[in-house]
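# build me a model from this:
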Amino acid sequence: MNGKEKKEFYLEYIYSLRMDVYRIIKSVIGDANVTEELTQIVLEKAWRSIESVRDKSKAKEWLKAITRNVLRDHFRREKRESGNWANEDPSAVITIKMADYLEPDPLSIALEREAQSQALEAVSCLAERDRELIWKHLIQEIQLKDIAHEKGLKPANMRRIYAISLRNLKRVYQEKFE
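Below you'll find the predicted structure:
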């Protein structure tokens with residue numbers, strides 16, 4: 001990205017979201033002066049690392065990640081300096097507050113729901129063994145070693161079976177939707 005492209009991209013995609021960043025930080029921090037300072041840090045970090053954005057459609061997510069990291073750094077610094085900090089997890093607060101302000105557009109929501117629906121349909125077309133394994137591991141978030149123990153298999157064998165199940169899912173998905 002040359003200097004002109006960098007500046008145009010920053011102004012069009014990043015700087016245009018500065019008020020969203022400000023509102024997120026303000027809702028988490030409360031103090032206007034600290035909010036201004038942290039917002040400036042987010043925008044500076046975004047400018048310095050703007051070349052790392054490969055896909056312009058992911059710029060908003062990328063900026064959210066920078067904001068989250070700046071807030072986490074702020075909380076860590078605050079905790080070190082005061083030695084006394086609230087018991088709540090800052091990651092949870094930050095995630096909730098960011099979701100309030102940087103929601104995806106309706107088209108993104110519709111596309112995500114369609115993709116989820118297609119993925120579930122593809123899973124339903126799998127053989128019982130594949131369907132059960134993928135459901136337990138990806139949806140119920142059960143560790144493969146625990147599934148292996150439940151089935152009386154070695155974890156290495158379960159990982160091999162899981163890899164085969166994922167290949168089968170990919171094949172079914174491609175046949176139905178691509």
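# let's see the pLDDT reported for residue 44.
Residue 44 carries a pLDDT value of 90.
# now do the contacts for it.
With contact set as C-beta atoms under 8 Å, 6 or more residues apart in numbering, residue 44 has no partners. Any C-beta I mention is one placed from the backbone N, CA and C, and that applies to glycine too.
# now it: how far from residue 21?
Separation of residue 44 from residue 21 (C-beta to C-beta, to the nearest Å) stands at 12 Å.
# give the buried residues for the helix or strand harbouring residue 174.
If you go by DSSP states H and E, residue 174 is part of helix 155-177. For helix 155-177, burial by neighbour count (16 or more other C-beta atoms under 10 Å) applies to 158, 161, 162, 165, 168, 169, 172, 173.
# skipping its backbone neighbours, what lies nearest the first one in space?
For residue 158, the nearest residue in space outside its immediate sequence neighbours is residue 148; the separation is 3.5 Å by C-beta to C-beta, 6 or more residues apart in numbering.
# I figured the one you found hits residue 155, correct?
Yes. Residue 148 sits in contact with residue 155 when judged by C-beta atoms under 8 Å, with a separation of 4.7 Å.
# between these two, what contacts are shared?
Taking C-beta under 8 Å, 6+ apart as the contact criterion, no residue touches both residue 148 and residue 155.
# which ones are touching the spatially most central residue of the chain?
Closest to where the C-alpha atoms of the chain average out (C-alpha atoms, centre = their mean) is residue 61, at 7.4 Å. Shown in contact with residue 61 (C-beta under 8 Å, 6+ apart): no residues.
# good, we can wrap up now.
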